[in-house]
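Asker: Turn this into a structure:
(2 chains)
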2 protein chains.
Amino acid sequence: MSQSLNAPQHFVNQVIGQQSGSLNKLMPVKAQGYGIAPVNIALSKYWGKRDTVLNLPMNGSVSISLPGLGTETTITLQPTTQNSPPPIDQIKLNGQALKPNNPFCVRLSAFLDLFRQKNHAFYINTHNTVPTAAGLASSASGYAALVLALNDLFQWQLSTQKLSLLARLGSGSASRSLYSGFALWHKGEQADGLDSYAEPIDTQWPELCVGLVKVNVQQKPVSSTTGMQNTVKTCDLYQAWPQQAKKDMQSILNAIEQQDFEQLGQTAEHNALSMHATMMATWPPIVYWQPESVAAMHTVWQLRQQGVAVYFTMDAGPNLKLLFLKTEKPAIEQAFGDISIIQPFKGQS
Amino acid sequence: MSQSLNAPQHFVNQVIGQQSGSLNKLMPVKAQGYGIAPVNIALSKYWGKRDTVLNLPMNGSVSISLPGLGTETTITLQPTTQNSPPPIDQIKLNGQALKPNNPFCVRLSAFLDLFRQKNHAFYINTHNTVPTAAGLASSASGYAALVLALNDLFQWQLSTQKLSLLARLGSGSASRSLYSGFALWHKGEQADGLDSYAEPIDTQWPELCVGLVKVNVQQKPVSSTTGMQNTVKTCDLYQAWPQQAKKDMQSILNAIEQQDFEQLGQTAEHNALSMHATMMATWPPIVYWQPESVAAMHTVWQLRQQGVAVYFTMDAGPNLKLLFLKTEKPAIEQAFGDISIIQPFKGQS
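Answerer: Numbering: from 1, shown residues only, chains lettered A, B, ... in the order given. As a prediction, the model looks like this:
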């Protein structure tokens, strides 16, 4: 292994088994690689990196994937000519060709550099099956689908656990989008990052519902990556977050195992509000909430006062994701009107 | 001093100099006592008690009083008859007689018990000169005015510092409402609470403006006292609050001394958002924010992006208090329309 390799390249080579002198793992075997992956919603959140280069989290997290909502990606290698200029990937998102200087493309191409041979360029065609208005983060499903497509193109035949490691390098929460159902992303302890991957949790919960309250479709004012880094740097209250996150994760795991919905809902809502608390106690403040977010929260709390067991979680954005059991579906629909309701273990309803 | 005296009674006796065998300090000297005190807005906040009995704070705080907005109170002693039933105070608020079981009356009467001789009942007539719609806390000015009225009725001739101690026992932030301008409430170190009082800060800042954004006039869903106690008990992030509060208080004091408005505004906003962060990371969550609160915050941040130096602070309620210098008044009025603007060092404008 060359000493000049940077840490992410070294990490990728270790995961895919690329060694100097061995078989080249970056030669396409098929004409086209294909991958599909679901979005996931964290029940106990990831917020803050302990290593920004290898994308290693301060704390572990647990998620639920949403079937039918996610990203579908195909990847092909472009023919290259000798003496060609540096490769420019062609990236199509939802049928639309993006300009190379689009921030989405810049980030994607930087990730693809880790899988690039010589001056090869990639052609990526990616579709989000997430309704844009649902306000679900697509970077998790996006990087998971991309890694699956690369695995298909290069025929690495890697384990899902290893693909989870690669997806993590693209976007932390993508590590969890390799699985359906519940997934646990281990914080990991090693400096090389090889033990920070997600695993599936082998528990079904057919009655569990997720409601998507659509608040806002605008671009996030602050990216998660920038937000996390500012929080770690400037938020005094964040000191106590990793410990709380650890405790909450254990509580979510117990709640899943016991099928204890109250514990699941309470912990998920408390955890999400605590994550948002660290954001707003950052300087400059990070407040993803919109007026409609707060209105929806108050509706949730009013419903609970009326005896409806509904809780919410929120990611780095203004949208609420409701958690409830199927029996409460009529009450939720009455209070929230037109929301998408998903039963993760029974497909979309 | 009787051993049977409870801690607040012992504290009051120490402050007013009431000793067994000495002159009775609880005999009215005048027919009526009168007091008036301003509301105050904390620039670095008080949140959390280290002693709930003596109302001692986890951290010190700094405030600015708003001239012209506050509470005016008169107090008289009611004639008593022997064998009379337990005293029932008569309390009039803004011209309206309140029922004795009103929570406001219950709390006030419990405080008056500390100054009650035998079966005496008090007649309290109190007016808030705060427009109700401004959403300013009136307990601070209320308890400060009451303590001034008691001092007048009983002619204790106590120092303002001692009156601040008594007011603190009624409502923590009332300790700061004995003063105009900036005030510093010392956390104190002693177990007896005699060193936890407020003092004036001898600095004028004529250009400083406070804008009152009116969001909501409804009753608070959670009282400050209950909220604080739940935060201290259930909020993991609160662990880091006392240290941040100490740092922020020093920064506010420096900003006042240096007349550094950017530092004042940034610290006050960061401190207020951090306090609200500890509230929402409490379980059950305490979110005083209303949709309009968040809308007003986003307006403030947009104004800052446009180069207008305006910051906000918020107390345990949904209303924003804007901080800016007089030069920005036109921009603020344009963005917020009909808001009350006060120049604390120049009277109301």
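Asker: from what I can see A:Tyr332 touches A:Val210, true?
Answerer: Let me fix one detail, which is that residue A:332 is Ile and not Tyr. No - A:Ile332 is beyond contact range of A:Val210, at 10.7 Å (criterion: CB atoms under 8 Å). For the C-beta atoms, the positions are set from N, CA and C on the backbone; glycine is no exception.
Asker: Show me the helices in the stretch 201-349 of chain A, by range?
Answerer: Using DSSP state H, counting those that start in this stretch, the helices found in the stretch 201-349 of chain A span residues A:224-234, A:241-258, A:261-280, A:291-305, A:329-336.
Asker: Could you see whether chain B lies near the fourth one?
Answerer: Put plainly, it is helix A:291-305. Yes - with CB under 8 Å from any CB of the partner chain as the criterion, chain B is reached by helix A:291-305 at A:Pro291, A:Glu292, A:Ser293, A:Val294, A:Ala295, A:Met297, A:His298, A:Trp301.
Asker: buried set for that helix?
Answerer: Under the neighbour-count criterion of 16 or more other CB atoms under 10 Å in any protein chain shown, helix A:291-305 has A:Pro291, A:Glu292, A:Ser293, A:Val294, A:Ala295, A:Ala296, A:Met297, A:Thr299, A:Val300, A:Trp301, A:Leu303 buried.
Asker: by contact count, what packs against it?
Answerer: Helix A:291-305 sits against strand A:310-313, strand A:320-325, helix A:329-336, helix B:291-305, with contacts defined as 3 or more CB pairs under 8 Å, 6 or more residues apart in numbering or on different chains; DSSP states H and E.
Asker: now the angle from it to strand A:320-325?
Answerer: Here helix A:291-305 runs at an angle of 20 degrees relative to strand A:320-325 (axes from the mean of the first three to the mean of the last three CA atoms, to 10 degrees).
Asker: now swap in the second one and tell me
Answerer: Helix A:241-258 runs at 30 degrees relative to strand A:320-325, counting by the same axes, to 10 degrees.
Asker: Contacts for helix A:241-258, please.
Answerer: Applying CB atoms under 8 Å, 6 or more residues apart in numbering or on different chains, the contact partners of helix A:241-258 are A:43-45, A:47-48, A:58-62, A:182, A:184, A:201, A:203, A:205, A:260-261, A:263-264, A:267-268, A:270-271, A:274-275, A:278, B:236-237.
Asker: go again using 7 Å as the cut-off
Answerer: Residues from elsewhere that reach helix A:241-258, judged by CB atoms under 7 Å, 6 or more residues apart in numbering or on different chains: A:43-45, A:47-48, A:58-62, A:182, A:201, A:203, A:263-264, A:267-268, A:271, A:274, A:278, B:236-237.
Asker: Roughly how far does A:Ser173 sit from A:Ala167?
Answerer: For A:Ser173, the distance to A:Ala167 equals 9 Å [CB to CB, to the nearest Å].
Asker: which of these two has more neighbours?
Answerer: Shown here are A:Ser173 and A:Ala167; by other CB atoms under 10 Å in any protein chain shown, A:Ala167 has more neighbours (33 against 29).
Asker: which residues sit in contact with the nearest residue to the more buried one once chain neighbours are set aside?
Answerer: Distances taken as CB to CB, 6 or more residues apart in numbering or on different chains put A:Ala174 closest to A:Ala167, at 3.9 Å, once the chain neighbours are dropped. Listed by CB under 7 Å, 6+ apart, the contact set of A:Ala174 reads A:Ser139, A:Ala140, A:Tyr143, A:Ala144, A:Ala167, A:Arg168.
Asker: For the first one, which residues are in contact?
Answerer: Contacts of A:Ser139 were listed using CB under 7 Å, 6+ apart, and they are A:Ser171, A:Ala174.
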